[in-house]
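A.B. asks: Curious how this folds, go ahead:
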Amino acid sequence: MANKGDLPEHSHLPGSRRPPRSQPIRRRLALLLLIPLTSLVTLWGFAANLTFSAAVQHANYDTVYDAVGQPVNVALAMVQQERAAAALAISDEAAGAQRYRQIRARTDAALASFRRTALTSEVREATSGRLIGTQMGTLNRSFDGLGPLRSQIDSGAVNALEAIEGYDRITETALQMLSTMAGIDDGDAFRNTIALTNAYWSRDYMMRQDALVTSLPRSGRMSAAAQSAFARWAGSGNQLFSVAEAGLTGGPARHVRALARSEEYVRYRSLEERITGTGSAAGVAAQWRTTIGALSPRWLQASTQAGKELNDQIGPAGRRITIQLALAGGVGLLAVALSILLSLTFARRLTTELLALQRAAQTLAHERLPRVVARLRRGESVDIAAEAPPMEPARIREIARVGEAFGAVQRTAVDTAVGEAELRKGVNRVFINLSWRSQSLLHRQLRLLDAMERRAGSAEELADLFKLDHLTTRMRRHAEGLVILSGSPTVRAWDHPVEAEDLIRAALAEVEDYTRVEVTANTGAAVTGTVVADVIHLLAELIENAATFSPPATEVTVRADSVANGLAIDVVDRGIGLQPDQLSELNRRLSHAAEFDLADTDRLGLFVVSRLAARHGIKVSLQSSPYGGTTAVVLVPNALVVMAGDRDPRSRATPVPRQPVAAAAGPADTAPPPALPAAPPARPPAAPATAPSAGEGQQPGDLAGLGRELPGADVPRPRPVAG
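C.D. replies: Just a heads-up that it's a prediction; the model follows:
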């Protein structure tokens with residue numbers, strides 16, 4: 001019973017944009033604060049990690065220096081002494097063999113001390129993942145090579161130069177390991193450590209040269225290999241010492257530069273150049289031994305003093321690293337925690353104020369405005385200031401301004417609701433006034449027609465009067481619809497129940513195509529008199545809608561049956577039916593007594609039916625009929641139904657002639673007691689000699705209003721049947 005082809009109200013067209021997914025303000029603020037806070041925490045972690053790494057490195061440096069550096073220095077010195085003793089023992093066994101054996105015993109003791117302190121789990125943990133850890137393993141394996149070298153020396157399998165070069169591989173490994181210990185994160189200390197290691201390495205080259213010169217025969221002549229080795233050691237030593245002198249700064253540089261300006265060092269370089277140039281130590285061997293004997297301890301003393309000052313320089317660096325760790329780790333962490341706390345406080349304050357604004361909006365939309373509208377519908381007066389109080393002032397300026405604007409909006413909304421309610425009251429009063437005026441005139445017209453029907457002298461005249469009477473009865477129903485739409489009760493009422501069949505036939509009196517309606521009543525139940533007029537009106541709307549929107553050659557069936565929940569009246573048409581979504585929408589409208597919308601004038605009949613059904617608790621629903629059309633099911637509840645054995649005999653009396661409506665007429669209009677409208681005969685009165693033309697007596701436009709949203713609007717309206 002709705003127009004075919006109607007589109008759904010909320011259809012999604014292709015290409016239409018879906019609304020973006022909304023997110024709570026807490027998540028938005030969390031994302032807003034997460035980026036800077038994450039950056040701050042990352043920067044703090046980076047700085048703390050750097051300072052912590054430097055502190056750990058410094059602690060590891062102290063551990064490695066005490067457990068590895070000092071024992072390696074002692075072992076290196078003993079290996080250097082053993083190298084000189086071995087070269088002397090090879091060249092002059094009688095003079096050097098005893099000393100060589102003594103130094104070997106002290107070297108073994110130094111190596112045992114090194115392995116006892118350097119190869120512990122603590123040192124391995126401190127050097128884990130670092131180059132010095134690898135160098136320590138290499139040095140330990142290099143020390144293991146002393147045994148085979150000593151065996152070769154004892155057996156005379158090597159000469160002095162080969163023995164010196166064998167020891168050189170061990171000393172170079174030790175010096176390389178010492179250079180890797182300079183890993184502290186301080187620029188000056190690192191450079192001084194490397195430079196001091198180069199100076200110490202240069203001293204080792206000097207001691208190699210001394211061992212070679214000491215092992216020469218009395219003639220002082222050198223072999224070609226010895227000359228090459230001496231020259232190579234001279235060049236490397238001189239270069240390393242120059243690099244060390246240039247790289248040292250501060251106190252360590254002072255000691256090395258003093259050594260470089262000393263008489264012993266200058267004489268050593270002069271003798272070195274002479275031996276390199278001549279390839280012989282003849283004539284200078286004694287002077288060489290005297291110079292090296294004085295220079296070696298002074299060189300060692302200068303290196304030792306420079307190392308002490310370097311350690312004194314590393315100490316403040318360690319304290320500075322500790323202070324940096326405290327600042328970056330402690331103070332930085334405190335600043336990060338304070339930043340997070342302030343950010344959370346700000347976010348909570350902003351969220352609280354925004355949520356307060358949200359709650360105010362939701363309260364207005366879901367509680368205050370509906371409450372105001374409900375009170376206005378009940379006719380109560382509303383205080384706009386009390387229903388739209390100002391919001392609490394916010395601390396954030398922008399939110400405070402939004403709150404002020406929202407306060408103005410809610411005052412406007414409440415004021416508009418009050419104004420609209422007053423407008424609706426005025427419209428309802430207009431409806432009632434127009435209905436009363438129309439019903440008064442129709443009441444007088446029906447009385448006049450009743451008198452004229454009694455005086456009619458011919459069948460043709462009686463048929464015309466009957467048609468006019470029928471039109472007037474339908475006009476009365478439309479006028480009464482204005483009262484129903486205004487929310488006021490109808491004034492027609494009966495003091496006794498009316499049977500279902502009489503009720504249906506009375507409704508047919510207000511339908512245009514009553515001749516197409518087939519009535520079947522399988523019950524003797526009746527409807528209480530207080531609701532008879534409204535039930536007649538409701539059925540008339542549904543029956544006329546069914547007749548209007550079904551083919552003119554079909555019939556409309558109205559059945560009445562008693563069911564467990566009351567009285568069921570089915571109005572079945574044989575039209576083109578409804579789609580499932582249309583049925584669902586119409587049933588939703590019929591089950592809710594929606595307020596009449598002045599802009600929705602095409603649905604007056606639907607509003608009337610839903611308003612009458614809601615007024616008395618009557619259920620109206622639409623279903624698909626077996627004939628392909630639509631079935632309107634009206635269920636009158638048991639509270640409004642009287643069974644055959646429980647009612648007054650008057651309720652089945654023959655209906656009296658149609659009774660004009662009781663209206664708010666003027667003083668000249670006095671309404672008699674109400675009675676049922678007389679049902680139209682099964683067929684119209686005898687036709688006059690000339691049948692009325694097509695369309696005669698047909699009311700133009702929509703008769704019931706309800707039909708405009710039901711299907712079949714394109715079906716032609718039936719023409720009056722000529723009797």
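A.B. asks: And the pLDDT for residue 707?
C.D. replies: What the model reports for residue 707 is a pLDDT of 28.
A.B. asks: On the three-state scheme, the nearest residue to residue 220 once chain neighbours are set aside is what?
C.D. replies: Spatial nearest neighbour of residue 220, chain neighbours left out: residue 282 (3.5 Å); criterion: Cβ to Cβ, 6 or more residues apart in numbering. Every C-beta, even on glycine, is put in place using the N, C-alpha and C of the backbone. At residue 282, secondary structure determined by DSSP: H, G, I helix; E, B strand; the rest coil is coil.
A.B. asks: contacting residues for residue 282?
C.D. replies: 219, 220, 221 (Cβ atoms under 8 Å, 6 or more residues apart in numbering).
A.B. asks: Going through those, which ones are buried?
C.D. replies: With neighbours counted using 16 or more other Cβ atoms under 10 Å, the contacts of residue 282 contain these buried positions: residue 220.
A.B. asks: List just the nearest of the contacts of residue 282 to residue 270.
C.D. replies: Using Cβ to Cβ, residue 220 is the member of the contacts of residue 282 that sits closest to residue 270, with 16.6 Å.
A.B. asks: tell me the phi and psi of the closest one?
C.D. replies: Backbone torsions of residue 220, given as degrees, to the nearest 10, read phi 80, psi 0.
A.B. asks: Check residue 621 too.
C.D. replies: Residue torsions, per degrees, to the nearest 10, at residue 621 are phi -140, psi 150.
A.B. asks: Can you give me the neighbour number for it?
C.D. replies: One way to gauge burial is a neighbour count; for residue 621, by other Cβ atoms under 10 Å, it gives 15.
A.B. asks: Would you format the contacts of residue 282 as CSV with pLDDT included?
C.D. replies: Written out in CSV, the entries for the contacts of residue 282 read as follows (pLDDT from 0 to 100):
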residue, pLDDT
219, 81
220, 82
221, 86
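A.B. asks: can you pull the pLDDT of residue 241?
C.D. replies: Taken from the predicted model, the pLDDT recorded for residue 241 is 92.
A.B. asks: what's the helix or strand for it?
C.D. replies: For residue 241, the host element (DSSP states H and E) is helix 224-247.
A.B. asks: what's the answer for residue 452, then?
C.D. replies: Residue 452 is part of helix 397-455 when elements are defined by DSSP H and E.
A.B. asks: moving C-terminal of that helix, what's the next helix or strand?
C.D. replies: Stepping forward along the backbone from helix 397-455, the first helix or strand reached (DSSP H and E) is helix 459-485.
A.B. asks: elements contacting that following helix?
C.D. replies: Secondary structure elements in contact with helix 459-485, counted by 3 or more Cβ pairs under 8 Å, 6 or more residues apart in numbering; DSSP states H and E, are helix 397-455, helix 532-548, helix 604-616.
A.B. asks: what angle do it and helix 604-616 make?
C.D. replies: 60 degrees (axes from the mean of the first three to the mean of the last three Cα atoms, to 10 degrees).
A.B. asks: Now do helix 459-485, average pLDDT.
C.D. replies: When the per-residue pLDDT values of helix 459-485 are averaged, the result is 73.
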